[in-house]
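**Student:** Okay, predicted coordinates and the sequence, questions at the end:
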Amino acid sequence: MIKRESLTSDISKLRKEYKQNFPQLYNIAEDSETVDTFKKVLRSYISTFTSIRKDNQKLRNAAVVRILNLIDHDDTFVDELSTGEKLPIRTIYYLWHFLRGTLNEDVSSDLFIDVYHQFELLMCPEIILPERSLVKRQMHRWPTGLDENVIAIRNAGIERIIGCLIRKIERRHAPSSKYQFEEGMSYEEKYRQVHEWWNTTRFHLAMAIKSPTELNFFLGYSLSDETMQLLAKAKKKGMPFFVTPYYLSLLNTRKEGFDDKTIRSYILYSNELVDTYGEIKAWEKEDVVIAEKPNAAGWLLPEGHNIHRRYPEVAILIPDSMGRACGGLCASCQRMYDFQSERLNFDFEALKPKETWDKKLRRLMHYFEEDAQLRDILITGGDALMSQDATLRKILEAVYKMAVRKRKANESRPEGEKFAELQRVRLGSRLLAYLPLRITDELVAILKEFKEKASVVGVSQFYIQTHFQSPLEVTPEAKRAIGAIQSAGWTITNQLVFTVAASRRGHTAKLRQVLNALGVVCYYTFSVKGFKENYAVFTPNSRSLQEQYEEKIFGIIPVDKRKELHSLIRNGYLLGKKLMHFLKENDLLFASTDRNVLNLPAIGKSMTFTTIGLTEEGQRILKFDHDASRRHSPIIDKIGEVYIKENKSIAAYLRQLKEMGEDIKEYHTIWSYTEGITEPRFSIYEYPDYSFGITDIMTNLELENH
């Protein structure tokens, strides 16, 4: 009975499918005069399947539990955490009316398609056997930015873009700009000049494309009228638009060549994003900071929006510098709320540090110094590496001096009352993908100098936390940048957002593989956060679990080899070659050191959930629990159960894949992934033990009002 094609979306035809394939279920609904009777008889009927002793009984029992969960939670209300709405659950109520032909409400067929598959898995449980050879074939179809044919297509595109840049510079009226042609230069001389400028970061930032019409010009007028109208609407609403010539050169304007949808969906905005811009809310509620009041996680923070915090050990530092900008604006950016409020923007002159920033930096460092549990600082933005070298050096120097003072203060504190000392420093940057030319010898020298000094005062983990979204972003320039950072002794970790385009079979697996070959260690695979603005790019969490169990499984490190891999990564020297040797030796396609998670408001990263219902649109309603493997703010004990409504139905997601040219028969097992458990963190992401006992006291915490 397992179908390989999608079910019809026609309600009447779908009802006939139920009647034909689940006659007993259909009869129960017909014979039940009330929904309560239907639920009671249905529960009894479903429970009989646990006593059937047939093949795949474990899978059948799991299917029973899935349906009983839907019955148990029917006719209840839950507080949906992301929106704050009181959300009704009426899955079985709608099913009863649907089967009886009395459905009056505006309910999508997507709900009944999902329920259909749950009953199908009950009647005919399916064993999911991941095939290594299939995953390898799926990976093989995704090219990288290091492939010769891709490089050739892009080189031709760069020639077109350079021609566009020449015209742009000729038309500019910016006498203060250093990027101007001398009077009387021939076209050939202008061409050579732009070629020379092409290799500098500031040129790409100065020449960034900032309007839809300019974008279309640089893309050879290849954008559709519909896309142009949408981008014009975005501009009218004040949405920032910023794409460097380098990143634009990664796109493919030809009809043949390579599929650039994953990159393109990061540049081009969706209807939902444009429609909601101006009304976007902060998904991570702890990002909303009110002076002298604790955030949603209970932490008291200094004034302004420089520090974000959720966990006891770690805080995010967002400097008042060009680090509040990015090398481009990702359409699915988790901080779109901050761009909307203009706390993050692309006005580089306005973002240059003011004299007051030095004083504020000292106050922020004092906050870290006086906190009893902080041991990890993530400097990000925006983008940490957008800060100029002098500014970044100043920030790192302030962090170093703070670590020295904190360590010194501990000398006078008794055993068991000492404060946590700084162990980890991270720089969050997407510039390795967006603009790898930023990784200069001067920057590498700053990173190396800081590592050498900070290592002496107890800091042992130095990470560049980057974001490659596609194997196509791994270019020769990116490869060089990665090697340069590694030469400074810093470990590069990657996190990607599991957008629809990135979620296609084999895509994320291939990205892991190509990054591992360069010595980059994978950190997180994030589900897209689920507000309406991200509808177009949202991938259901069931697909993330499917990827975890059916693709990522071929990179799981054997238990007896994990210490060896840990040592390889910590050593860092020639990591790419050593990592590939390790993978070959252990017959792995890549190293599964990342965790598939959703970043939840207030309770953090988790993939521990159960599906308890479906909305009228067929979106799954998930009951989440926090990741019990790490420390949280004590507020976690006050929050209780967390409910999240997914952004779209699985059926709608599969339709998107089909429009992208995917064979959705390859995704047919997605329906069975209705609950998950958060994966453990790989050991390099754990904090090392101290040689002394630290206090249990949590400073800068206030929970009374929560």
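**Tutor:** It's in.

**Student:** show me what contacts Leu435?
**Tutor:** Going by C-beta atoms under 8 Å, 6 or more residues apart in numbering, Leu435 touches Thr201, His204, Leu205, Thr244, Tyr246, Tyr247, Gly327. All C-beta spots, glycine's among them, are computed from the backbone N, C-alpha and C.

**Student:** What distance do you get for the nearest residue to it once chain neighbours are set aside to Leu392?
**Tutor:** Closest residue to Leu435 apart from its sequence neighbours, by C-beta to C-beta, 6 or more residues apart in numbering: Gly327 at 4.3 Å. Here Gly327 is placed at a distance of 15 Å from Leu392 (C-beta to C-beta, to the nearest Å).

**Student:** who's in contact with the residue nearest to Leu435?
**Tutor:** Leu205, Thr244, Tyr247, Asp383, Met386, Arg430, Leu431, Tyr434, Leu435, Arg438.

**Student:** got those residues as CSV, with pLDDT and secondary structure columns?
**Tutor:** CSV is the format used below for those (pLDDT from 0 to 100; DSSP: H, G, I helix; E, B strand; the rest coil):
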residue, pLDDT, secondary structure
Leu205, 94, helix
Thr244, 96, coil
Tyr247, 97, helix
Asp383, 93, coil
Met386, 93, helix
Arg430, 96, coil
Leu431, 97, helix
Tyr434, 95, helix
Leu435, 97, coil
Arg438, 97, helix
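
**Student:** Let me see the ranges of the helices in the stretch 201-350 of the chain.
**Tutor:** 201-206, 212-218, 225-236, 245-248, 261-267, 271-276, 336-340, 348-351 (DSSP state H, counting those that start in this stretch).

**Student:** Among those, single out whichever gets nearest to Ala454.
**Tutor:** Using C-beta to C-beta as the measure, helix 201-206 is the one of these that comes nearest Ala454, at 25.3 Å.

**Student:** for the helices of the stretch 201-350 of the chain, which one ends up most surrounded?
**Tutor:** Greatest average neighbour count among the helices of the stretch 201-350 of the chain goes to helix 245-248 (a mean of 24), per mean count of other C-beta atoms under 10 Å.

**Student:** Please state the offset of stretch 693-706 from the chain centre?
**Tutor:** 29 Å (C-alpha atoms, centre = their mean, to the nearest Å).

**Student:** Can you pull out the residues in contact with it?
**Tutor:** So stretch 693-706 is contacted by 293-294, 298-301, 312, 367, 370-373, 415-420, 633-635, 638 (C-beta under 8 Å, 6+ apart).

**Student:** Report the buried residues of that stretch.
**Tutor:** Ile694, Met698, Asn700, Leu701 (16 or more other C-beta atoms under 10 Å).

**Student:** measure Ala29 to Gln118 for me?
**Tutor:** 15 Å.

**Student:** Sketch out the low-pLDDT regions of the chain for me.
**Tutor:** By pLDDT under 70, the low-scoring segments of the chain are 1-5, 51-55, 174, 283-284, 355, 530, 602, 704-706.

**Student:** Just give me the residue right at the centre of it.
**Tutor:** The residue lying closest to the centre of the chain (C-alpha atoms, centre = their mean) is Val497, at 2.8 Å.

**Student:** The closest residue to Gly618 other than its chain neighbours: helix or strand, and which one exactly?
**Tutor:** Nearest in space to Gly618, with sequence neighbours left out and distances taken as C-beta to C-beta, 6+ apart, is Asp110 at 2.7 Å. Using DSSP states H and E, Asp110 sits within helix 109-123.

**Student:** ok, residues contacting whatever helix or strand comes next after that helix?
**Tutor:** For helix 109-123, the following helix or strand on the C-terminal side (DSSP H and E) is helix 132-140. Contact with helix 132-140 is made by Arg505, Gly506, Ala509, Lys510, Gln513, Glu550, Glu551, Phe554, Leu589, Glu666, as judged by C-beta under 8 Å, 6+ apart.

**Student:** The fifth one in helix, strand or coil?
**Tutor:** Put plainly, it is Gln513. Classification of Gln513 by DSSP: H, G, I helix; E, B strand; the rest coil places it in helix.

**Student:** Any idea how many residues pack against the nearest residue to it once chain neighbours are set aside?
**Tutor:** What sits nearest to Gln513 in space, not counting adjacent residues and going by C-beta to C-beta, 6+ apart, is Phe590, at 4.2 Å. Per other C-beta atoms under 10 Å, the neighbour tally for Phe590 reads 25.

**Student:** surely the residue nearest to Gly618 meets Ser9?
**Tutor:** Yes. Judged on C-beta atoms under 8 Å, Asp110 makes contact with Ser9 at a distance of 7.5 Å.

**Student:** Compare neighbour counts for those two and give me the winner.
**Tutor:** Asp110 (24 against 15).

**Student:** Take the one helix or strand Ile162 maps to, keep the C-alpha atoms, and write them as CSV.
**Tutor:** Per DSSP H and E, Ile162 falls inside helix 148-171. The C-alpha trace of helix 148-171 is given here as CSV (Å, rounded to 0.1, in the frame of the first residue of the first chain):
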residue,chain,number,x,y,z
GLU,A,148,36.8,22.7,-13.1
ASN,A,149,33.5,23.1,-15.1
VAL,A,150,32.0,25.3,-12.3
ILE,A,151,35.2,27.4,-12.2
ALA,A,152,35.0,27.8,-16.0
ILE,A,153,31.4,29.0,-16.0
ARG,A,154,32.1,31.4,-13.1
ASN,A,155,35.2,32.8,-14.8
ALA,A,156,33.0,33.7,-17.8
GLY,A,157,30.5,35.2,-15.4
ILE,A,158,33.3,37.3,-13.8
GLU,A,159,34.2,38.7,-17.2
ARG,A,160,30.6,39.9,-17.6
ILE,A,161,30.5,41.3,-14.0
ILE,A,162,33.8,43.2,-14.6
GLY,A,163,32.2,44.8,-17.7
CYS,A,164,29.3,45.8,-15.5
LEU,A,165,31.7,47.2,-12.9
ILE,A,166,33.5,49.3,-15.5
ARG,A,167,30.2,50.9,-16.5
LYS,A,168,29.2,51.4,-12.9
ILE,A,169,32.5,53.2,-12.1
GLU,A,170,32.2,55.3,-15.2
ARG,A,171,28.8,56.5,-14.1
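
**Student:** Okay, buried residues for that helix please.
**Tutor:** Buried-residue list, helix 148-171, by 16+ other C-beta under 10 Å: Val150, Ile153, Arg154, Gly157, Ile158, Ile161, Ile162, Cys164, Leu165, Ile166, Lys168, Ile169.

**Student:** from those residues, which is closest to Asp689?
**Tutor:** Out of the buried residues of helix 148-171, the member with the shortest distance to Asp689 (by C-beta to C-beta) is Val150, at 45.3 Å.

**Student:** pretty sure the closest one is touching Pro143, no?
**Tutor:** Yes. Val150 is in contact with Pro143 according to C-beta under 8 Å; the separation is 5.2 Å.

**Student:** if we can go back for a sec, what do Asp110 and Ser9 both touch?
**Tutor:** Ala651.

**Student:** what about the strands in the stretch 351-500 of the chain?
**Tutor:** Per DSSP state E, counting those that start in this stretch, the stretch 351-500 of the chain carries strands over the ranges 376-379, 424-428, 461-466, 491-497.

**Student:** Need those in TSV (columns: distance to Tyr673).
**Tutor:** Formatted as TSV, the strands of the stretch 351-500 of the chain follow (distance: least, C-beta to C-beta, whole Å):
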stretch	distance to Tyr673
strand 376-379	31
strand 424-428	30
strand 461-466	28
strand 491-497	19
